[in-house]
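K.L.:
When you get a sec, could you give me coordinates for this:
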Amino acid sequence: GFLVISGDVGAGKTTLLRSYLAADHPDLRTAVILNTGLDPDGLLKAIAEDLEIAVPADASRKAVIDLLRDNLLETFAGGRQTAIFIDEAQHLSPESLELLRMLSNLETENEKLVQIVLFGQDPLREILARPDMFQLRSRIAVHRHLKPLGLAETGDYVAHRLTAAGAAIPVSFTPAAIKALHRAAD
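P.N.:
Modelled structure (predicted):
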């Protein structure tokens, strides 16, 4: 089914997505959709394109779904899973969300052929809570809402970033400086 990662602007949703995609996942094939202003047919074709499925320009929605299904079955038979990651999902239209719900129906007798992961700001939670989103909402296996870092986490994050940047000399911040950074980031 679906996984949903939500959070305020700057909570780290896109960073989490990029971090996951940067890691090696040999048994996973991915499509990453960053342009969520597409109509349902445009979204479907963007997914197919990102999965490197050749789609004729004049293909109908059904034809694209059939191509996608056949490709997902082939991928599954080869021992791999497919995941579709969609960033800024709060901008998807209800029609596009319904299309994604229908794609989640693509399955074998025992296994889903595709996992769909939605990353979005707080309005996505509001959209998913609407009565007309019940069917999609019922397919969400995991929903995590990212909250801002706490004061201690902010200090840990600053230390991590300094290490990751390869600080040549030790750099430390006073507790007051960490508090100021935490307040500024909130």
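
K.L.:
Residues contacting the longest helix seen in the chain, please?
P.N.:
Looking across the chain with DSSP state H, the single longest helix is helix 61-77. Defining contact as Cβ atoms under 8 Å, 6 or more residues apart in numbering, one finds that helix 61-77 is touched by 29, 40-41, 44-45, 47-48, 51, 53-56, 59, 81-82, 102-103, 106, 108, 111, 113-114. In short, each C-beta sits where N, CA and C put it, glycine included.

K.L.:
Show the buried residues in the residues you listed.
P.N.:
29, 40, 44-45, 47-48, 51, 53, 55, 59, 81-82, 103, 106, 113-114 (16 or more other Cβ atoms under 10 Å).

K.L.:
Where helices are concerned, which of the residues you listed count?
P.N.:
Residues of the buried ones among the contacts of helix 61-77 located in helices (DSSP H): 40, 44, 45, 47, 48, 103.

K.L.:
so the third one sits right up against residue 54, yeah?
P.N.:
This points to residue 45. No: the pair residue 45 / residue 54 is not scored as a contact, 10.9 Å apart, by Cβ atoms under 8 Å.

K.L.:
still on that earlier bit, show me which pair in the buried ones among the contacts of helix 61-77 is furthest apart.
P.N.:
The span of those, defined through Cβ to Cβ, is set by 59 and 81 at 24.8 Å.

K.L.:
What average pLDDT does whichever strand or helix holds residue 6 get?
P.N.:
Taking DSSP states H and E as the criterion, residue 6 maps to strand 2-7. The average pLDDT for strand 2-7 rounds to 94.

K.L.:
Convert the C-alpha atoms of that strand to PDB, please.
P.N.:
C-alpha atoms of strand 2-7 as PDB (Å, rounded to 0.1, in the frame of the first residue of the first chain):
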ATOM      1  CA  PHE A   2       1.100   3.500   0.900                       C
ATOM      2  CA  LEU A   3       3.600   5.100   3.300                       C
ATOM      3  CA  VAL A   4       3.100   8.800   4.100                       C
ATOM      4  CA  ILE A   5       5.800  11.100   5.500                       C
ATOM      5  CA  SER A   6       4.400  14.500   6.500                       C
ATOM      6  CA  GLY A   7       5.800  17.500   8.300                       C
END
